[in-house]
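Got a predicted structure plus its sequence, pasted below:
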Amino acid sequence: MPSRLRHLKAADYRVMPWKNGGGSTTEIAVDPPGAGVADAFLWRLSLARVERSGPFSPFPGYERSIMLMSGGGMALDFGDHGGARLERPFEPVGFQGEWPTTATLLGGPSEDFNVMTDRARLRHELTVSRPLAPLELPPVPAVAILCCHGRVEVQGLGSQALMSRETLIVDDPGPLVISGPGIAAVVLFQLRS
């Protein structure tokens, strides 16, 4: 089966203000395309601009990963499940969508990258490629690569260059290598068996 590749730019993303006025979400992509947050989506990638402290929306049945992109960071309180601090960019934290989660800003507005997957059907791993340190990816059913900063190259399906805030989503990619002077968020998707 041939690989299916989507190269998305910022103009392709959908920006949605939060109902509580505490920030906004920039949806990079969702599967199925066009699904809303109230729909039963398989996975969703987004960037969130957090303007003030407050609770996260619950997403029961979803696995979540979050990673600080820029700003002062935040402390996450998961209630009985502990907490985590997003103080340094590009360090992923995982948690469950049904956990009661409250974010407290540590030093002004922050931006983070978010991944959500339907736990019953899919699992994901969020990792980061670093400048000038090639990252080899194994074959997986699907991969998403967001260039967070600078420029990265993706080799394996020809050569794809990603500039800052561009995303590459590939179904059945085979092995890939990410390299270059930039930083990329890399999401590996695996089907649940």
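Done, it's in. Numbering: from 1, shown residues only.

quick one: Gly174 and Gly156 touch, right?
Yes. Applying C-beta atoms under 8 Å, one finds Gly174 in contact with Gly156, separated by 6.0 Å. (Glycine included, C-beta is placed from N, CA and C.)

okay, the two: which has more neighbours?
Set Gly174 next to Gly156 and count neighbours by other C-beta atoms under 10 Å: Gly156 wins out with 18 against 13.

quick one: contacts for that one?
Gly156 makes contacts with Leu137, Pro173, Gly174, Pro175, Leu176, Val177, as judged by C-beta atoms under 8 Å, 6 or more residues apart in numbering.

between the residues you listed, which is closest to Arg64?
Checking the contacts of Gly156 against Arg64 by C-beta to C-beta gives Leu137 as the nearest, at 21.5 Å.

Now the closest one: closest residue in space that isn't a chain neighbour?
Of all residues not flanking Leu137 in the chain, Leu176 sits nearest, at 4.4 Å (C-beta to C-beta, 6 or more residues apart in numbering).

Could you report the neighbour count for the one you found?
For Leu176, the tally of surrounding residues (other C-beta under 10 Å) stands at 22.

Then Gly61?
15.

surely it meets Glu98?
Yes. Proximity of Gly61 to Glu98 meets the contact threshold set by C-beta under 8 Å, at 7.1 Å.

hey, what's Asn114 bridged with?
Under DSSP bridges, the beta-bridge partners of Asn114 are Ser46, Ile66.

What of the one 4 residues further on?
For Asp118, the beta-bridge partners under DSSP bridges are Tyr62.

Can you name the residues that contact it?
By C-beta under 8 Å, 6+ apart, the contact list for Asp118 reads Ala40, Phe41, Leu42, Trp43, Gly61, Tyr62.

Find the residue closest to Arg88 in space, skipping its chain neighbours.
Closest residue in space to Arg88, ignoring its immediate chain neighbours: Leu68 at 6.8 Å, by C-beta to C-beta, 6+ apart.

mind checking how far the helix or strand that contains that neighbour is from the chain centre?
Using DSSP states H and E, Leu68 sits in strand 62-71. Centre-to-centre, strand 62-71 and its host chain are 6 Å apart (C-alpha atoms, centre = their mean, to the nearest Å).

Name the residues that touch that strand?
The list of residues contacting strand 62-71 from outside it, by C-beta under 8 Å, 6+ apart, reads 47, 50, 74, 76, 86-97, 107-119, 123-124, 126, 128, 148, 185, 187.

quick one: buried residues of that strand?
Neighbour-count burial for strand 62-71, with 16 or more other C-beta atoms under 10 Å as criterion, is recorded at Tyr62, Glu63, Arg64, Ser65, Ile66, Met67, Leu68, Met69, Gly71.

and what of stretch 38-52?
Those would be Phe41, Leu42, Trp43, Arg44, Leu45, Ser46, Leu47, Ala48, Arg49, Val50, for stretch 38-52 by 16+ other C-beta under 10 Å.

In strands only, show me those.
Those of the buried residues of stretch 38-52 mapping onto strands are Trp43, Arg44, Leu45, Ser46, Leu47, Ala48, Arg49, Val50, per DSSP state E.
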